[in-house]
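Undergrad: Here is the input, now give the coordinates:
(2 chains)
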2 protein chains.
Amino acid sequence: MTACSVDFEPVGRRGGCQKKESLLACARQLGVGISSICNGKGICHSCKVQVLSGTVSKPTPSELETFSPQELKAGWRLACQTYPRSNVKVHVPAESMTTPQRLQVEGQEVTVSPQASVRAYPLKLAIPSLEAPQADADNLLQTLNQKHKLNCNKVDIGALRLLSNQLRSWKWQCQAAVRNYQVIALLPPKSHPLGLAIDLGTTKIAGYLMNLNDGKTLAAKGVMNPQISHGEDIISRINGAVHSAEEQAQIQKLAAEAISQLGADLCAEVGANIEEIVEAVVVGNTAMHHLLLGLPVRQLALAPFIPAVSRALDIKARNLGLDFAPGAYVHLLPNLAGFVGADHVAMLLATGVGQKKGPIVALDIGTNTEVSLIHEGKIVTTSCASGPAFEGGHIKYGMRAAEGAIERLQITGDKIQYQTIGEAPAVGICGSGILDALAQLYLAKAVDEGGRLNADHPRVRTYQKKREFILVSKEERNGQPAITITQKDIRELQLAKGAIRSGIQALMEASGVSEKEIKQVIIAGAFGTYINVASAIEIGMLPSLPLARFLQAGNAAGMGAKLALISLKQRAQARALTSRVRYIELASAPDFEQTFMQASYLGQYRIINGRREKIN
Amino acid sequence: MTACSVDFEPVGRRGGCQKKESLLACARQLGVGISSICNGKGICHSCKVQVLSGTVSKPTPSELETFSPQELKAGWRLACQTYPRSNVKVHVPAESMTTPQRLQVEGQEVTVSPQASVRAYPLKLAIPSLEAPQADADNLLQTLNQKHKLNCNKVDIGALRLLSNQLRSWKWQCQAAVRNYQVIALLPPKSHPLGLAIDLGTTKIAGYLMNLNDGKTLAAKGVMNPQISHGEDIISRINGAVHSAEEQAQIQKLAAEAISQLGADLCAEVGANIEEIVEAVVVGNTAMHHLLLGLPVRQLALAPFIPAVSRALDIKARNLGLDFAPGAYVHLLPNLAGFVGADHVAMLLATGVGQKKGPIVALDIGTNTEVSLIHEGKIVTTSCASGPAFEGGHIKYGMRAAEGAIERLQITGDKIQYQTIGEAPAVGICGSGILDALAQLYLAKAVDEGGRLNADHPRVRTYQKKREFILVSKEERNGQPAITITQKDIRELQLAKGAIRSGIQALMEASGVSEKEIKQVIIAGAFGTYINVASAIEIGMLPSLPLARFLQAGNAAGMGAKLALISLKQRAQARALTSRVRYIELASAPDFEQTFMQASYLGQYRIINGRREKIN
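TA: This next block holds a predicted model:
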């Protein structure tokens, strides 16, 4: 029997809740993936939600301990401890959701009013005759300009090649897709001009199919980047491209084919044809951008790391080997530097930080971490070589966020509780789990500030002459090797977190902003969305600020691509934003070596003039 | 011993002349190919020249008979009858030159002041550094705009792909080739931007390499059109293209490869690289235009014969598979109708008829003959299906203008004198020879007005039950079969000449212009340049006007392409010209059937209201 209904936002799932069913249980019934490391015992605090309306049970002791009175007043609760007493509306913050669920949420609707680069105009043409034997394209342009009061003067050669047959098979009715005085395609009389926004990541490619008329997202999909066959990281791929023109061409082709396929799949989902995609926006890091465009990358990989081009580009899709509408263009947002790509610009655009006073820190965490500090109209940006550790690379049991990956972890004394993706038996540990592990090891004093494993901790052992911390024992894994965090893993993580922290530090110094002045820290990207911010603060990767000042923005780069796809104003904003950016090369920042060394220490502290100053 | 020197114009050949050497003999010594059917006997009158300055021998009786007193006063002489008495300057009109020589002459310099679509700007860029890590393309555009006060905002993707390496290998010095705010290529610090003008004929492709800075022609070359493997005439090729997309692609590729090769050969001649060609202009008939562009041709070949496009186009060379500079464009002049192509527009442009009051008739004779009549600012144009007879097609012994082809011919009683190309033994008869033959047969009363061979003529025989006229007998050919003109050949020629004449007639009627009002008849194209105009008048193919009103313009289409290549003003003129043209479909002209039938009669007459009226 259903007692009352629960409405989970922002996933937009609603359903009945049985009596004696907690919000967590109800969420699971409805397929809303709320994170729970302790599996409903009220001790891991990972299932935080905010009750927006309706009546619920009183806070339990565990909740009173977890939340401040202000937070409780604002409706913050642990989903496993809370029972609805009426119909309720519950907000599930991104950090409380399981990985797959978060991926779903990021496909939120864009809210700007659409003003796309391409518009489709319906037309009915006069049928030519011996007496009036006007050429098809001239007939089209004349009718278009007369009927819609335009000044189009060009038909793309690709469109031109199809036009005569299209007009005849559509009985002289069509829509002309127009971009900047140019007819780039004819569309069937009844169809939408489609756009494709692409976030071209080193590992994954996310695609969003949009209706350019109303700016709505019609379908979204993510695929692996097949360039992985030429190396998992950017440097391997750059080396491949530099090695031979053939390999560069192959690398280019792989990305182009994957994007075409993604476009075709998304179109198939909505019953459209890929040739109805009249515009695409692609964002990615500068190397991915160059490799997709077939631009030289040798100079990008060597100091002084010069991109072939930084400004925004409009390139015919066919020049990249993409099978869209015949004259479709791909718009590429500007990049900022060799190591700060258009994906970062897209993120800045999507989070709207350009219009804010600041100080705001916005960062994309990845193998390369891009950070911007926005303060009083100025933007300083840098790039830190944070390495692949947070993506599971160079970590003994590291893995991507896939089924069986430990994604959340808690250590209490010598006890460990963890949650895996898909609740499958643990097979490794992904980025967010690795970050939790380091924070929990530090809190449990299993590692010291310097990152050294404490041999006295009951879960620390010496194995093959090397120290490691046992996360899941051989016994727990039914005889399979234990999943551990090694001393070497910790060193890798220290380098990663040190790089990120010293990047933030350099920007603060360049802007004259102190840590406590920072009003907001925006963390974008897959890894940034899944991490436990508290853990990141604990180890000193992120500044020690109240949790409320952090915003995990999801795939903000993809969102920025969508904005740029449906709105020319947003493109102009991206250009304006870019022109305000000052890029700082970390290696040339004062005291950088010193700062970096200090920043690799664990714990919460401030770095002043290259020296650490403990906070707590 | 050299008595005096002779300067032959417009070929620009000068040399000493021996005593007792005629102008003809002197010309041959110097390699100036003056036509002579009777081989210096003063009876064929084909070696007409004009003495511009200096003293020469007195006119012989043969010359007194050939020229009017006015002509003699103006210096007109027969080269074989004239002996220099001082240094002389002699003008050799095109019609008096042998075929190969005429081909050389047509490469005359264009005289408009160059104002090309592409300009090259020399640049020296700042070398980027860690402190100033500006992207290469941004660096280039910024320097270009600052130094040359431009507003370029785009670098072509092809140019972009080469730019980083070019800048580094040229030590940051280069020339930026700019077209319409777009950098389309980088050129080495010291080089010229090159242009390629192409006259894309069904049979031959003529190419002219030009320096876009000064508008000078650097090299010229003609090659066969390899599309011939898909049919000698346009209709076969259209059928091939309609048959399958693969065949259309092959036909396209053949033309593109031939043009690329021609460009490469011309560049090699002047020590340049094909990638220095930054712009091309291509003119050709509408079918050749469509086949080169990969445009559909099905609708072009069926009534109402609609081109996919008529207006002028600018298309990236790479989209046609042409290997020019990375971002080079091909400009295509507008066409006028399905059967009146941009080559006709180019001819009108080159001959400057657009600015003249008229009435002027301008025609390109070929398998398809395009005719325009310019009168008081208006241009009416038509196209006549004149067939391949004048190119040697469908004629028993017809052949192209190659070695051994009879190109000039005279009949006196039962005697025949002829001249072959290269003075080689006769193997067949080419267009100009065929035309001469028909005129001479008519004058010798070997055919009557209706085109019927007269069995009483000593050279007319019945062979395999069919009448034919023996041009070169079996004996004269050492036992090889006689070269003849058959009754069927004559019928083919009548259709050809009838089509041309009735086209001219339809235009005169549409413009309200009578034959005698026509101030000038311009005859362009290979065939038109080589023919004996008197013969064409004799048979009634051309209107019966004084010879002085005829101008044989050579490859005026190629000249028009050159003009459009080096001057944007000329392109604008071509567009303006095109907008003034009214196209007349012959089939829908009043009395057309009647006119055509009458026009196929031989002899000089006027056609009034579809009726023939004999003149002489």
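
Undergrad: ok, the closest residue to A:S600 other than its chain neighbours - how many residues close by?
TA: Nearest non-adjacent residue to A:S600, counting by C-beta to C-beta, 6 or more residues apart in numbering or on different chains: A:G498, 3.0 Å away. The way it works is simple: take the backbone N, C-alpha and C, and place the C-beta from them, glycine included. Per other C-beta atoms under 10 Å in any protein chain shown, the neighbour tally for A:G498 reads 24.

Undergrad: Now the helix or strand in which A:G498 is found: buried residues?
TA: Secondary structure from DSSP states H and E places A:G498 in helix A:487-511. With burial defined by 16 or more other C-beta atoms under 10 Å in any protein chain shown, the residues of helix A:487-511 counted as buried are A:487, A:489-490, A:492-511.

Undergrad: Which strands or helices does it pack on?
TA: Applying 3 or more C-beta pairs under 8 Å, 6 or more residues apart in numbering or on different chains; DSSP states H and E, one finds that helix A:487-511 contacts strand A:360-364, strand A:369-375, strand A:378-384, helix A:431-443, strand A:466-472, helix A:592-599, strand A:605-608.

Undergrad: and of these, who's closest to chain B?
TA: strand A:378-384 (11.2 Å; C-beta to the nearest C-beta).

Undergrad: Please name every helix or strand in contact with the following helix or strand past the closest one.
TA: Scanning forward in sequence from strand A:378-384 by DSSP H and E, the next helix or strand is strand A:405-412. Using 3+ C-beta pairs under 8 Å, 6+ apart as the contact criterion, the elements in contact with strand A:405-412 are strand A:415-420, strand A:428-429, helix A:431-443, strand A:466-472.

Undergrad: the domain parsing of chain A - what is it?
TA: A:2-97, A:119-187, A:194-332 (automatic domain parsing).

Undergrad: how about a markdown table for the helices and strands packed on helix A:487-511, with mean pLDDT added?
TA: Formatted as a markdown table, the helices and strands packed on helix A:487-511 follow (pLDDT from 0 to 100):
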| stretch | mean pLDDT |
| --- | --- |
| strand A:360-364 | 95 |
| strand A:369-375 | 95 |
| strand A:378-384 | 94 |
| helix A:431-443 | 93 |
| strand A:466-472 | 95 |
| helix A:592-599 | 87 |
| strand A:605-608 | 79 |
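
Undergrad: circling back to that earlier point, what's the first helix or strand after the helix holding A:G498?
TA: strand A:520-524.

Undergrad: Quick one: mean pLDDT for that next one?
TA: Averaging pLDDT along strand A:520-524 yields 93.

Undergrad: residues making contact with it?
TA: A:347, A:350-351, A:353, A:360-365, A:529, A:531, A:533, A:542-543, A:545, A:549-557 (C-beta atoms under 8 Å, 6 or more residues apart in numbering or on different chains).

Undergrad: which secondary structure elements does the helix or strand that it is followed by contact?
TA: Going down the chain from strand A:520-524, the next helix or strand is helix A:526-530, by DSSP H and E. Contact analysis of helix A:526-530 by 3+ C-beta pairs under 8 Å, 6+ apart lists helix A:99-105, helix A:431-443, strand A:550-554 as its packing neighbours.

Undergrad: rewinding a little: would you tell me which of the helices and strands packed on helix A:487-511 gets closest to A:S5?
TA: Proximity to A:S5 (C-beta to C-beta) singles out helix A:431-443 among these, at 31.6 Å.

Undergrad: and the angle from the closest one to helix A:487-511?
TA: For helix A:431-443 against helix A:487-511, the angle by axes from the mean of the first three to the mean of the last three C-alpha atoms, to 10 degrees is 90 degrees.

Undergrad: ok, of the contacts of strand A:520-524, which come out buried?
TA: Buried members of the contacts of strand A:520-524, scored by 16+ other C-beta under 10 Å, are A:347, A:350-351, A:353, A:360-365, A:529, A:531, A:533, A:542-543, A:545, A:550-557.

Undergrad: wait, A:I470 sits on A:T484?
TA: Yes - the pair A:I470 and A:T484 qualifies as a contact (C-beta atoms under 8 Å) at a distance of 5.3 Å.

Undergrad: higher neighbour count, those two?
TA: Using other C-beta under 10 Å as the criterion, A:I470 and A:T484 rank with A:T484 on top: 23 against 19.

Undergrad: Tell me which residues are up against the helix or strand harbouring the more buried one.
TA: Using DSSP H and E, A:T484 maps to strand A:483-486. By C-beta under 8 Å, 6+ apart, the residues outside strand A:483-486 that reach it are A:395-397, A:406, A:426-429, A:434, A:437-438, A:441, A:463, A:466-472, A:477.

Undergrad: Strand partners (parallel or antiparallel) of that strand?
TA: Strand A:483-486 pairs in its sheet with strand A:466-472 (antiparallel), by DSSP bridges.

Undergrad: Residues touching the strand it pairs with, excluding its own?
TA: Under C-beta under 8 Å, 6+ apart, the answer for strand A:466-472 is A:396-397, A:406, A:409, A:416, A:418, A:426, A:429, A:437, A:441, A:446-447, A:453, A:455, A:457, A:459-462, A:482-489.

Undergrad: go on, stretch A:17-33?
TA: A:1-6, A:8, A:11, A:13-15, A:34, A:36, A:40, A:47, A:49, A:56, A:77, A:79-84, A:88, A:90, A:92, A:97-101.

Undergrad: Would you mind checking these for buried ones?
TA: Buried among the contacts of stretch A:17-33 by 16+ other C-beta under 10 Å: A:3-6, A:8, A:11, A:13, A:34, A:36, A:40, A:47, A:49, A:56, A:77, A:79-84, A:88, A:90, A:92, A:97-99, A:101.

Undergrad: Would you mind naming what in the stretch 251-400 of chain A lies close to chain B?
TA: A:293-296, A:298-299, A:303-311, A:313, A:315-316, A:318-319, A:335, A:337-338 (C-beta under 8 Å from any C-beta of the partner chain).

Undergrad: let's go with 7 Å and repeat that
TA: Contacts of the stretch 251-400 of chain A with chain B, taken as C-beta under 7 Å from any C-beta of the partner chain, map to A:293-296, A:299, A:303-311, A:315, A:319, A:337-338.

Undergrad: Give me the buried subset of those residues.
TA: A:293-296, A:299, A:304-311, A:315, A:319, A:337-338.

Undergrad: count of residues packed around the residue lying closest to A:E232 once chain neighbours are set aside?
TA: Nearest residue to A:E232, sequence neighbours excluded (C-beta to C-beta, 6+ apart): A:G393, at 7.1 Å. Using other C-beta under 10 Å, A:G393 has 17 neighbouring residues.

Undergrad: Chain B versus A:G393, what's the distance?
TA: Look at A:G393 and chain B: by C-beta to the nearest C-beta, to the nearest Å, they are 27 Å apart.

Undergrad: Check the gap between that residue and A:D233 for me.
TA: Distance, A:G393 to A:D233, by C-beta to C-beta, to the nearest Å: 8 Å.

Undergrad: can you check A:F67 too?
TA: Distance from A:F67 to A:D233, by C-beta to C-beta: 41 Å.

Undergrad: And for A:N87?
TA: If you measure A:N87 against A:D233 using C-beta to C-beta, the figure is 50 Å.

Undergrad: how close does A:P334 sit to B:I537?
TA: A:P334 sits 69 Å away from B:I537, going by C-beta to C-beta.

Undergrad: Check A:R582 too.
TA: 80 Å.

Undergrad: Then A:Q134?
TA: Taking C-beta to C-beta, one finds A:Q134 at 37 Å from B:I537.

Undergrad: ditto for A:T367
TA: From A:T367 to B:I537 the distance is 83 Å (C-beta to C-beta).

Undergrad: still on that earlier bit, relative to helix A:592-599, how tilted is the helix holding A:G498?
TA: Going by the same axes, to 10 degrees, helix A:487-511 makes 130 degrees with helix A:592-599.

Undergrad: So what's the model's average confidence on helix A:487-511?
TA: On average, helix A:487-511 scores 94.
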